[in-house]
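>>> need coordinates for the following:
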Amino acid sequence: MKQLKTKILFEMRVLVSVVDASEALEALAGGADIIDVKDPSRGSLGAPSKHRVLEVKLALPPTATVSAALGDDPRSREVLSLAREASKLGLSYIKAGSLGLKSVEEATEVYRAIKSMSGGVEVVAVAYADFSECGCLSPMEVLEAAYKSDLGVFMIDTYKKDGRSTFDHLSEDYLVEVRRAALSRGMTMALAGSLKLRHVEKVFRVNPHIVGFRGAVCEGGRLGRVSRRRVEELVSKYRVLSLSLCK
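Numbering: from 1, shown residues only. Presented below is the predicted three-dimensional model:
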């Protein structure tokens, strides 16, 4: 196993995706920094209903950081509709996928449109680690479009939820290269995609600002229920490793 030589320059934040208020409270109690609302039965970035987002937001303390998935295809009416409501719903971030986008130019135009409707809420452009299998733009291309759209946050996730993680599709070296490209543009990088406890050291070698989970903190997989115990276990492992690397 490679030795960890990464110097942590910032505290990595843990994002946990939830489907309702009950899961949100479990995730927050377990130590999650960002509560992300989505409907995993509808895909990688399955959009939740506005009612569900509001339910989660109202169940949490006013200071909680809450995000929501808009959908995998950022051109859809549903994405634009939820983007318009993001500010009213009190969201900090909204995540828009890159499915169906054929060029950096098209992606830039679409992300700019979403940003213009978001009411100041941070728009996160999401690239897929398995982009070659789903006919999507590469992470580097999505990053470039996000930068040209003046977005502040960029994420890599997996489109297909078949048990393979981001690390099964992309090498650590490539992910580090993407992270450096994001940092050079003054952008925040988030990493997700069927990540498990066993991926902790790999994640720290990549060194993103935010790391996202769902299946790893659920009883019964990503379509199961978020468990406070699982969130605590995962967050604890990240905190311990982070402290050891900061010494």
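>>> what separation do you get for Asp130 and Leu89?
Counting by C-beta to C-beta, to the nearest Å, the gap from Asp130 to Leu89 is 30 Å. Any C-beta I mention is one placed from the backbone N, CA and C, and that applies to glycine too.
>>> with Met155 instead?
As judged by C-beta to C-beta, Met155 and Leu89 stand 20 Å apart.
>>> could you do Val123 as well?
Separation of Val123 from Leu89 (C-beta to C-beta): 14 Å.
>>> who's more crowded, the two?
A count of neighbours by other C-beta atoms under 10 Å puts Val123 above the other of Val123 and Leu89, at 25 against 19.
>>> which ones are touching the residue nearest to Gly212 when sequence neighbours are not counted?
Of all residues not flanking Gly212 in the chain, Ala192 sits nearest, at 3.3 Å (C-beta to C-beta, 6 or more residues apart in numbering). Residues near Ala192 by C-beta atoms under 8 Å, 6 or more residues apart in numbering: 15, 155-158, 166, 211-213.
>>> next: Leu15.
Leu15 makes contact with 32-36, 67, 190, 192, 210-213, according to C-beta under 8 Å, 6+ apart.
>>> between these, which sits nearest Tyr238?
When these are compared for distance to Tyr238 (C-beta to C-beta), Val211 comes out closest, at 7.3 Å.
>>> count the neighbours of Tyr238 for me.
20.
>>> name the residues that touch the longest helix along the chain?
Scanning the chain for the longest helix, with DSSP state H as the assignment, gives helix 228-246. For helix 228-246, the surrounding residues in contact (C-beta under 8 Å, 6+ apart) are 4, 6-8, 11-12, 14, 16, 26-27, 29-32, 197, 200-201, 204, 211, 213, 216-219.
>>> residues of that helix that come out buried?
Across helix 228-246, burial judged by 16 or more other C-beta atoms under 10 Å covers 228, 230-232, 234-235, 238, 241, 245.
>>> stretch 101-110 now?
Buried, per 16+ other C-beta under 10 Å, within stretch 101-110: 101, 104, 106-108, 110.
>>> hey, where'd the helices end up in the chain?
Here the chain has its helices, by DSSP H, at 21-29, 50-59, 77-85, 104-117, 131-134, 139-148, 166-169, 172-184, 200-206, 228-246.
>>> any chance of those in a markdown table, plus mean pLDDT and distance to Arg42?
Shown next, in a markdown table, are these (pLDDT from 0 to 100; distance: least, C-beta to C-beta, whole Å):
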| stretch | mean pLDDT | distance to Arg42 |
| --- | --- | --- |
| helix 21-29 | 98 | 16 |
| helix 50-59 | 97 | 12 |
| helix 77-85 | 93 | 10 |
| helix 104-117 | 98 | 18 |
| helix 131-134 | 97 | 16 |
| helix 139-148 | 99 | 21 |
| helix 166-169 | 98 | 20 |
| helix 172-184 | 98 | 27 |
| helix 200-206 | 93 | 26 |
| helix 228-246 | 82 | 23 |
